[in-house]
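1. Here's a sequence, model it:
(one chain, ligands or ions: 2)
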Amino acid sequence: DSTNLTEIENYVKANKKEPNQEMKGIAEGRNVIMVSLESTQNFVLNGAELNGQEISPYLNDLADKSYNFTNVYHQTGQGKTSDAEFLTDNSLYPLGRGAVFFTNPDNKFNATPEILKEKGYTSAVFHANNKSFWNRDLVYNAFGYDHFYDVDSYKVTPETSVGWGLKDKEFFEQTASLMKELPQPFYSKSITLTNHFPFELSEDDQTIDKFDSNSKTLNNYFTTVKYQDDAVKQFIESLKKEGLYENSIIVFYGDHYGISENHNEAMAKYLGKEVTPFESQQLQRVPFIVHIPGVTDKNPKEIDTVGGQIDIRPTVMNLLGVDSKDKVEFGNDLFSKDRLPFTVMRDGSFVTDKYVYTGNVCYDKSTGQPIEDKTACEPYIAKAKKELDYSDKIIYSDLLRFYNKEDQNEKQENK
Ligand code: GP9
Ligand code: MN
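-> Ligands and ions are numbered 1, 2, ... in the order given. Next up, the predicted model:
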């Protein structure tokens, strides 16, 4: 089986792009505060409005003082939030069926917490749900997390709960004070919950209108997105108060879609255009915002490079100055000058700078129209399949066992 790994490693090496050297290490030694934004798609950001009111005013403001990636797609499957975690902590694809958190929790991984531990980092996850949800307790061990602050670490009352549990504002406030107790530098992930289907919210917490359509789901969605935005604002203020803001890199990403294709008619009403399979694919874009106080506020950038959640880790690692050239990962630095503009979805759909391929149809990206002659898409169809198969192989055969063994042998030889 280690021969399989060699073949995959060769593919990975051949596809590695030189990370951007000017960006390298600009956030070196800082705390990392990753925030997983529940069910947040791009169509509610970047100035989007409902009845003339901005839906995410705070995040938009923050994005204007950050590196704001506007063409990053989620690549999750049935594992939803956990798949997004898997992608961002490993730069491997989640599985085509089931959730890797359930099927392979005991695998050997080489996740970010483990890599950063060598640089003196402590790591922690903050999420106000039961620790066993998505098997997180087991998987976080395998990823090398030092601490998991689950629901038992939070004060939760009926007044501070809605839907799935603790409301985001309370969650963030308590998270900031728990975070303060961590040794620094730390790598952390905070997972929000309020903007989760069915997007329930009490009247008092609603600071934007509901939408008016045949979809109660979409109608509610705007109110919980806006609530989450208010909560993020408070979080940043709490981080400032706790003295954790200045010396951190704060990264927001959307975990997966919130509005499924079942609501296409209502979505069309909101967007003012038909939701074709092409549009549907474009709706899978999620926020990826990197805020580095003292750096990105002085020199913000909007980046329209095509990428996916798989690229989040290599991008952040390069900003931290951590070399990942020997890592078995499928993503690449989004700032790299020789990136291939190409991103694969878990179902084999993909997006390039010129084409969108979904449902076996090749679309011209600039017009959204199907291309009769599929040959333009063909090389990418094969590449997409190959990449997903290799990633699956790593997971199903637990191949990183061999990677780590080789690594250790090498270290021993160098002694
Ligand atoms: C539950 C939260 C939401 O802990 O992560 O899960 P989801 O249904 O989005 O995967
Ligand atoms: Mn989720």
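2. and the stretch 101-250 of the chain, which of its residues are near ligand 1?
-> Applying CB under 6 Å from any ligand atom, we find that the stretch 101-250 of the chain lies next to ligand 1 at 129, 133, 191, 193, 196. C-beta here means a position set from N, CA and C on the backbone, and glycine is covered the same way.
3. Okay, and which of the residues you listed map to strands?
-> Among those, the members falling in strands (DSSP state E) are residue 191.
4. Test my guess that residue 16 contacts residue 323.
-> No: judged on CB atoms under 8 Å, residue 16 makes no contact with residue 323 at a distance of 11.2 Å.
5. When those two are compared, which one has more neighbours?
-> Between residue 16 and residue 323, counting by other CB atoms under 10 Å, residue 16 is the more crowded of the two (19 against 11).
6. Helices of the chain, residue ranges please.
-> Listed in chain order, the helices of the chain (DSSP state H) span residues 2-15, 57-63, 80-90, 100-103, 112-117, 136-143, 168-180, 216-241, 264-271, 277-282, 312-319, 378-396, 400-413.
7. Compare the ones you listed and give me the one nearest residue 69.
-> With CB to CB, the closest approach to residue 69 among the helices of the chain belongs to helix 312-319: 8.4 Å.
8. Centre of the chain to the closest one, how far?
-> In terms of CA atoms, centre = their mean, to the nearest Å, the centre of helix 312-319 is set 12 Å apart from its chain centre.
9. CA-only coordinates of it in PDB, if you can.
-> Extracted C-alpha coordinates of helix 312-319, given in PDB (Å, rounded to 0.1, in the frame of the first residue of the first chain):
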ATOM      1  CA  ILE A 312      -7.600  27.500   2.800                       C
ATOM      2  CA  ARG A 313      -4.900  25.600   4.700                       C
ATOM      3  CA  PRO A 314      -2.100  26.100   2.200                       C
ATOM      4  CA  THR A 315      -3.000  29.800   2.000                       C
ATOM      5  CA  VAL A 316      -3.100  30.300   5.700                       C
ATOM      6  CA  MET A 317       0.100  28.300   6.300                       C
ATOM      7  CA  ASN A 318       2.000  30.400   3.900                       C
ATOM      8  CA  LEU A 319       0.900  33.600   5.700                       C
END
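10. helices or strands up against that helix?
-> In this structure, helix 312-319 makes packing contacts with helix 80-90, helix 112-117, strand 248-254, strand 288-291, judged by 3 or more CB pairs under 8 Å, 6 or more residues apart in numbering; DSSP states H and E.
11. what is the mean pLDDT for it?
-> Throughout helix 312-319, pLDDT has a mean value of 98.
12. same thing with stretch 287-305?
-> For stretch 287-305, mean pLDDT rounds to 98.
13. again with stretch 110-126
-> Averaged across stretch 110-126, pLDDT comes to 98.
14. Identify the residues contacting it?
-> Residues lying outside stretch 110-126 but in contact with it, judged by CB atoms under 8 Å, 6 or more residues apart in numbering, are 32, 88-90, 136, 140, 142-149, 153, 171, 175, 178-179, 182-191, 313, 317, 320, 322, 324, 327-328, 400, 403-404.
15. What distance do you get for the residue nearest to residue 383 when sequence neighbours are not counted to ligand 2?
-> If the residues on either side of it in the chain are set aside, residue 383 comes closest to residue 342, at 7.3 Å by CB to CB, 6 or more residues apart in numbering. The spacing between residue 342 and ligand 2, counted by CB to the ion, to the nearest Å, is 25 Å.
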